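1. pasted the sequence and its predicted model underneath.
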Amino acid sequence: MDVNQPIIYWILSEAVSDWDSLDNIGLLSATERSRFDSMRFEKRRREWFHGRQSAKNLLAGSSGGFRSVNPSDLSIENEPEGSPYVVHAGRRLDLSLSISHRDQLAFCGLILGRRGSIGVDIEKIEPRSPVFAEDFFTDSEVQLVEKNPVGTVDQTITLIWSAKEAVLKAMGKGLRLDTREIEISSFKDGAEGWGTFLVSSHFGDLTYFNGRWRIKGDYTLTLAVLEIEKNFAPNDILQLVQVIQASN
Ligand SMILES: CC(C)(COP(=O)(O)OP(=O)(O)OC[C@H]1O[C@@H](n2cnc3c(N)ncnc32)[C@H](O)[C@@H]1OP(=O)(O)O)[C@@H](O)C(=O)NCCC(=O)NCCS
């Protein structure tokens, strides 16, 4: 496993419409299977399962040496606060994984090693009430919405919201934190379809994030990397490698 390169692996996969849990269940570890069985709602089961399936495809397609590992030998579990991690042969792996699901889509990101922590988010671009931005955004972000840098107002609001979720996931916190504690700014276009955004926070001078975004149809994809090792991956040298779904 080459952990010297600041590579972010990502996958966007669509669930098959005739999904049948019994055909796919063999992908799950015993721990995952018991979690799956405890889920009462079919929608949640499906999205949860699709997230696991996509994340395991992502691991297999990375340079981490997982291609020959049986998917059921990889167990994707969650911290008490929700952040996912991977267990193999009873050992927690040195990597950072993030999962997001929306509708039929699962979007996952992966960093091998422990030099950065990743958060990803997929959101549907849809109209939100005018008070949404006032409630969840900082004053500067509300002004950013008025400047509307990325197309429609709905796109801009969705992107800012999604970027915040990605950042809060990279921190391992999620929406337990006040979304106004972090500030998103400066959406710019970038290479290979991934634009960049900036993140500032009040969580200490050493905290440094990279932000990337793209629009895919009716959805926004955002990805945030929290540097654990200083200067792990400045935005300009961060490599994003797409893993194409091997199978459903
Ligand atoms: C993390 C969170 C922002 C994601 O919200 P979402 O947009 O509805 O859902 P997404 O599909 O994008 O993401 C869900 C995935 O995020 C990951 N996740 C959950 N909590 C996380 C956390 N604290 N840090 C990092 N990742 C987290 C999980 O992998 C989860 O998927 P899984 O359960 O299948 O493993 C939100 O669920 C959250 O903050 N949860 C914790 C606090 C909470 O439960 N609050 C109640 C609602 S305010």
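-> Yes, it's here. Numbering: from 1, shown residues only.
2. make it CA atoms for all contacts and neighbour counts henceforth
-> OK.
3. in stretch 147-160, what counts as buried?
-> 148, 150, 153-160 (16 or more other Cα atoms under 10 Å).
4. and if you look at stretch 64-78?
-> Buried-residue list, stretch 64-78, by 16+ other Cα under 10 Å: 64, 66, 71-72, 74-77.
5. show me the contact partners of that stretch.
-> For stretch 64-78, the external contacting residues (Cα atoms under 8 Å, 6 or more residues apart in numbering) are 1-2, 26-32, 52, 56, 59-61, 84-89, 112.
6. swap in 10 Å and give it another go.
-> In this structure, residues lying in contact with stretch 64-78 by Cα atoms under 10 Å, 6 or more residues apart in numbering are 1-3, 25-33, 35, 51-53, 55-61, 83-93, 95, 97, 111-113.
7. among these, name the buried ones.
-> 27-29, 32-33, 51-53, 55-61, 83-86, 95, 97, 111-113.
8. out of these, which are inside strands?
-> Per DSSP state E, strands hold the following members of the buried ones among the contacts of stretch 64-78: 84-86, 95, 97, 111-112.
9. is stretch 45-55 in proximity to the ligand?
-> Yes - applying Cα under 6 Å from any ligand atom, one finds stretch 45-55 touching the ligand at 48, 51.
10. would you map out the domains in this structure?
-> As given by automatic domain parsing, the domain ranges for the chain are 7-119, 121-225.
11. re the thing from before, now, the buried residues of stretch 147-160 that are in helices?
-> Cross-referencing those against helices under DSSP state H gives 153-160.
12. which one of these sits closest to Gly217?
-> Nearest to Gly217 among these is Gln155, at 11.0 Å by Cα to Cα.
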